[in-house]
Each structure stands twice: as structure tokens, then as C-alpha cells.
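1. kindly generate the corresponding structure for this input.
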Amino acid sequence: MTSTATQSGDYATRMRTKLTEAFRPSRLEIVDDSHRHAGHAGADPLGETHFNVLIVSDAFDGKSRVARQRLVYEAVADELRERVHALSLRTLTPAEDA
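-> Model (predicted):
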């Protein structure tokens, strides 16, 4: 699996662990984009409120974009309740990532 992140904060780490366990992705990128949302709703100067996530997994095969995103939201529900305000998701199958 390929995994990248621009920061290794607690919430990024928690999401990486949960997404890896739930989807066994061939590729996972989690980028903390919080600095670009300063002054916007849900922003916190400490960061880890806005993330861009790219996840490539066989688990998404045959599922619609909305169904894929729901699965990801369910996997990181605790983080969304606690601190994470927004996720920008790209959910792909390995064939779509080729």
C-alpha cells in the first residue's frame, strides 16, 4: 500500500489506521488542508479540521460514488464527531486508478 500525509497529527493517524483496517487500500493519501480554511466554518488554528483523502480499494468495486463516500464517512465517524469538519474524498477502485 502507498500511504502519504503532509502531517502526522493524531486525527490523520487515527483516520489512516481506520481506513487501512476497513478497506485494505492499495493507495491511501491523507493531506491536512486545514491551513487553507483559516477563518472558515469549522476551522481551528491547531489544524486537523479539513482533509483531502484519496483512497484506492477493491472494496469500492461495484459501488456508486455516494455509496463509497458513505462507507468512508462511517469508518471515520468518531473523528468527524470530535474534530474533523470536512473531508474532500476521492474513492477509486484499482482499475480506476490505473
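
2. show me the strands in the chain, by range?
-> 2-5, 27-32, 50-56, 86-92 (DSSP state E).

3. which of those has the lowest average pLDDT?
-> When the strands of the chain are compared by mean pLDDT, strand 2-5 comes last with a mean of 49.

4. mind checking the strands of the chain for the one nearest to residue 66?
-> Residue 66 lies closest, by Cβ to Cβ, to one member of these: strand 86-92, at 9.8 Å. For the C-beta atoms, the positions are set from N, CA and C on the backbone; glycine is no exception.

5. against residue 50, how distant is the closest residue to residue 49 other than its chain neighbours?
-> Spatial nearest neighbour of residue 49, excluding adjacent residues (Cβ to Cβ, 6 or more residues apart in numbering): residue 85 at 4.4 Å. Distance of residue 85 to residue 50, given as Cβ to Cβ, to the nearest Å: 6 Å.

6. and these two? Which one has more around it.
-> Using other Cβ atoms under 10 Å, the more surrounded residue of residue 85 and residue 50 is residue 50, with 22 against 16.

7. isn't the more buried one up against residue 12?
-> No. Contact criterion Cβ atoms under 8 Å: residue 50 and residue 12 do not qualify, at 11.3 Å.

8. what's the overlap in contacts for the two?
-> By Cβ atoms under 8 Å, 6 or more residues apart in numbering, residue 50 and residue 12 have these common neighbours: residue 32.

9. picking that back up, TSV please, covering the strands of the chain and showing distance to residue 80.
-> Shown next, in TSV, are the strands of the chain (distance: least, Cβ to Cβ, whole Å):
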stretch	distance to residue 80
strand 2-5	18
strand 27-32	14
strand 50-56	10
strand 86-92	8
